[in-house]
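In: Have a look; sequence and predicted model below, questions after that.
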Amino acid sequence: MALPTELIGSIPRPPSLICAITAAQADQLPPDALQEEFANALRDTIRRLEQTGSPVLSDGEQTKPSFATYPLAGLVNLAPDGVVIPFVDGHTRRLPRLTAGPFRYGMHAASFLQAAHAYTDRPIKQAVISASAMSLLYPAQEISGYPREDFIADLIAEATEDIRGALNAAAATVQIDFTEARLSLKLDPSGCLLRSFIELNNQVLENFTPEERLRIGVHVCPGGDHDSTHSADVDYAALIPDLFQLNAGRFYLQMASEPDRKRVLGIVKHALQPHHLVFIGVIDPINPEIETPEEVRARILEAAAILPVAQLGTTDDCGFAPFADDTSTARDIAFSKIRSRVEGTELASRDLGI
């Protein structure tokens, strides 16, 4: 049996879908036509992921506006002037700001999983946004009649239901996207903000049994949007010891684009606990060059010389298009990179005698 391998989640949307979303936002496309484009993109994504040989699929986040904001669909208690996330190339993304309580998810991730199951019998993982990311919606000034502690209680309940619903809908695994972890250390090098994020996410995770948590993972990376990052300059040494205090069973770590992988893998080795499964990134979505299976194999063997092989898996550094409008990576290139990861993982597994 080969080493486990999974993608992070997002796949670049087809150009026809991006055009349809833009037209729908301008009220130039009827809702039924947009839903048809969504269905076509989802069907094609599942089919092409199957063709890569991927043992575990995802919906490619084809119908999400972004990996972070899907729970906000249809909510009316939001304003557009929330937290700004700057990227090193100068562009920014902005979260909305909560204006009133109570806080409820407008959409849960199980709906994406159920739609994907209609097109395949293969295992499907489901990505969900972290409670810590959603906590950034609450403004610095307290909302009248809805104190922050009430918001946090509602948020924990909603984030728990997001994961629970995905597990109940037969997700093979559930991946919590925690990309703000590394960014938090850029904003607060003391680590206090990071530790508060971890404490909040652990309050969600404590609602699951140890067996369930083995199917729940956490993804961290320095961001990946329009071929840019928000926190690649933050040293992993400041992140990993606290990160592995999360009560999750799986960790999906950006590694392919890391300049000193051996050093970082050594830090991971010391943080690793016996029940953890670590998926190391062997594909760099930001780099337009398609890695060969042999290059992937070499990265895996490098990691296998440091980490226990029984606790090792492979993944991509990040999603290929976490935001729907990101066209920086061609769809065909993304699928080719995924195929190289799958084939390279098989090559390395043979070398390791698995």
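Out: Yep, that arrived. Quantities reported herein were computed from a predicted structural model and do not represent experimental measurements. Numbers count the residues shown, from 1 in each chain.
In: from here on, contacts and neighbour counts on C-alpha atoms
Out: Will do.
In: May I have the beta-bridge partners of the spatially most central residue of the chain?
Out: Centroid-nearest residue in the chain: residue 177, 3.8 Å away (criterion: Cα atoms, centre = their mean). On the basis of DSSP bridges, residue 177 is bridged to residue 129, residue 219.
In: So for it, what's the pLDDT?
Out: Note for residue 177: predicted pLDDT of 97.
In: mind checking how far it is from residue 106?
Out: Note on residue 177: its distance to residue 106, by Cα to Cα, to the nearest Å, is 18 Å.
In: swap in residue 222?
Out: On the measure of Cα to Cα, residue 222 and residue 106 end up 27 Å apart.
In: list the helices and strands whatever helix or strand residue 50 lives in packs on?
Out: Residue 50 is part of helix 31-51, with elements assigned from DSSP states H and E. Helix 31-51 is packed against helix 15-25, helix 110-117, with contacts defined by 3 or more Cα pairs under 8 Å, 6 or more residues apart in numbering; DSSP states H and E.
In: how about the ones you listed in CSV, adding distance to residue 268?
Out: Below are these laid out as CSV (distance: least, Cα to Cα, whole Å):
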stretch, distance to residue 268
helix 15-25, 38
helix 110-117, 31
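In: mean pLDDT for the ones you listed: which is lowest?
Out: helix 15-25 (a mean of 93).
In: Of the helices and strands packed on helix 31-51, which is nearest residue 77?
Out: helix 15-25 (19.5 Å; Cα to Cα).
In: Distance check, the closest residue to residue 315 other than its chain neighbours against residue 99.
Out: Closest residue in space to residue 315, ignoring its immediate chain neighbours: residue 281 at 4.7 Å, by Cα to Cα, 6 or more residues apart in numbering. As judged by Cα to Cα, residue 281 and residue 99 stand 38 Å apart.
In: In terms of packing, which of these two has more residues around it?
Out: A count of neighbours by other Cα atoms under 10 Å puts residue 281 above the other of residue 281 and residue 99, at 29 against 18.
In: Next up, identify which helix or strand residue 300 is on.
Out: Using DSSP H and E, residue 300 falls within helix 293-304.
In: So which elements touch that helix?
Out: On the basis of 3+ Cα pairs under 8 Å, 6+ apart, helix 293-304 makes packing contacts with helix 261-271, strand 277-283, helix 331-351.
In: Just the CA coordinates for the helix or strand just after it, please, in PDB.
Out: Note on helix 293-304: by DSSP H and E, the next helix or strand toward the C-terminus is strand 312-316. Output in PDB follows, covering the C-alpha atoms of strand 312-316 (Å, rounded to 0.1, in the frame of the first residue of the first chain):
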ATOM      1  CA  LEU A 312       4.200  10.200   6.500                       C
ATOM      2  CA  GLY A 313       1.900  11.300   3.600                       C
ATOM      3  CA  THR A 314       2.200  13.700   0.700                       C
ATOM      4  CA  THR A 315       0.200  16.700  -0.400                       C
ATOM      5  CA  ASP A 316       0.500  20.100  -2.200                       C
END
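In: Strand 312-316 vs helix 293-304, what angle?
Out: Orientation check (axes from the mean of the first three to the mean of the last three Cα atoms, to 10 degrees): strand 312-316 against helix 293-304 gives 130 degrees.
In: helices or strands up against strand 312-316?
Out: Packed next to strand 312-316, using 3+ Cα pairs under 8 Å, 6+ apart, are strand 277-283, helix 331-351.
In: list the buried ones in the longest one?
Out: By 16 or more other Cα atoms under 10 Å, the buried positions in helix 331-351 come out as 331, 333-349.
In: Ok, stretch 44-62 next?
Out: Within stretch 44-62, the residues scored as buried using 16+ other Cα under 10 Å are 45-46, 48-50, 52, 54, 56-62.
In: what's the answer for stretch 240-260, then?
Out: 240, 243-244, 246-258.
In: which two from these end up farthest apart in space?
Out: Based on Cα to Cα, the longest span within these runs between 247 and 257 and measures 26.3 Å.
In: got the CA positions of stretch 285-298 in PDB?
Out: Taking C-alpha atoms only, stretch 285-298 is exported to PDB below (Å, rounded to 0.1, in the frame of the first residue of the first chain):
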ATOM      1  CA  PRO A 285       1.300  25.500  -6.700                       C
ATOM      2  CA  ILE A 286       2.800  28.900  -7.100                       C
ATOM      3  CA  ASN A 287       5.700  27.700  -9.300                       C
ATOM      4  CA  PRO A 288       4.400  27.300 -12.900                       C
ATOM      5  CA  GLU A 289       7.000  24.500 -13.600                       C
ATOM      6  CA  ILE A 290       5.400  21.100 -13.400                       C
ATOM      7  CA  GLU A 291       7.400  18.900 -11.000                       C
ATOM      8  CA  THR A 292       8.400  15.500 -12.400                       C
ATOM      9  CA  PRO A 293       7.500  12.300 -10.500                       C
ATOM     10  CA  GLU A 294      11.200  11.800  -9.900                       C
ATOM     11  CA  GLU A 295      11.500  15.200  -8.300                       C
ATOM     12  CA  VAL A 296       8.500  14.400  -6.100                       C
ATOM     13  CA  ARG A 297      10.100  11.100  -5.200                       C
ATOM     14  CA  ALA A 298      13.300  12.800  -4.100                       C
END
